[in-house]
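Trainee: with the input below, show me the fold.
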Amino acid sequence: MKRIFYPTTLLAISLLATGCASISYKPSVSLGTSPQTIKASVKIETFADQSPAEDKETKAFGVSACEPTTLQGELAPDITDAILTDFENNMVFETIKKRFDTQQPDLVMTGTIHRFYGVSAPNAVFWLTIPIDTIWLLGIPILHNQGAVDLDVTLTRPDGTVIGTYRGKADFSESYSMYHDAQLSVPTQLNNAFSQSVAQIREQILKDSEKLTPQQTGLKQ
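Mentor: Below you'll find the predicted structure:
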């Protein structure tokens with residue numbers, strides 16, 4: 001029986017080794033309309049990427065959403081654009097954009113990416129059971145997806161005075177059998193974690209709505 005299934009094992013490893021080409025990833029936030037719109041204009045600046053280099057490394061025999069061959073663009077600009085799109089479309093602030101030509105914004109938004117990764121790879125069970133790979137047919141979990149998002153957003157006055165810093169965190173960890181294409185799930189799982197993190201940040205910002213309204217910050221008289 002082993003002679004029959006070892007070629008299957010080799011095929012599985014071969015597919016895992018080249019799996020990075022099978023997915024592409026672009027950060028995206030999917031949330032509903034804000035229950036409140038803060039009446040302030042906001043200039044958003046590109047977030048600072050302080051995530052560890054390992055978050056962007058190629059995953060041996062697996063896939064990594066943020067490695068160069070998988071990520072469609074660049075992480076920091078893409079995350080900034082996704083948050084800008086969400087805040088604008090869902091009316092978190094009265095106005096939010098990257099550039100103000102004729103007037104000074106009420107607030108400036110900056111952010112930091114502490115962690116942002118999603119990976120899929122064989123787990124320890126996969127490697128330990130290669131000699132008895134027939135048990136994979138029973139649906140035991142041999143693949144593992146995991147990832148995390150950790151972001152913060154800071155809102156300041158144009159003069160640099162900090163009004164508040166808001167942080168959001170989320171992660172995921174799921175195991176799968178050979179019957180589930182785990183690698184294809186990574187982009188959706190990572191964007192769900194991204195959306196959860198942004199939802200936390202939005203909730204914290206809305207709690208500070210009075211402080212962020214120009215009449216309260218003293219930005220407008």
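Trainee: buried sites along stretch 31-43?
Mentor: Across stretch 31-43, burial judged by 16 or more other CB atoms under 10 Å covers Ser34, Ile38, Ala40, Ser41, Val42, Lys43. Heads up, the C-betas are built off the backbone N, CA and C, glycines and all.
Trainee: of those residues, just say which sits nearest to Asn192.
Mentor: Taking CB to CB as the measure, Asn192 lies nearest Ser34 of the buried residues of stretch 31-43, at 19.1 Å.
Trainee: isn't the closest one right next to Arg202, touching?
Mentor: Yes: when contacts are counted by CB atoms under 8 Å, Ser34 is listed as touching Arg202 (6.6 Å).
Trainee: overlap in contacts of these two?
Mentor: Val92 (CB atoms under 8 Å, 6 or more residues apart in numbering).
Trainee: pretty sure Leu155 belongs to a strand, no?
Mentor: Yes: according to DSSP: H, G, I helix; E, B strand; the rest coil, Leu155 belongs to a strand.
Trainee: so Lys97 bridges to which residues?
Mentor: Lys43 (DSSP bridges).
Trainee: now it: how far from Asp152?
Mentor: Per CB to CB, to the nearest Å, Lys97 is found 21 Å from Asp152.
Trainee: okay, these two: which has more neighbours?
Mentor: Neighbours of Lys97 and Asp152, each counted by other CB atoms under 10 Å, are more numerous for Asp152; the result is 19 against 14.
Trainee: need the three-state assignment for the residue nearest to the more buried one when sequence neighbours are not counted.
Mentor: Leaving aside its chain neighbours, Asp152 sits nearest to Arg167 (4.2 Å; criterion: CB to CB, 6 or more residues apart in numbering). Judged by three-state DSSP, the three-state class of Arg167 is strand.
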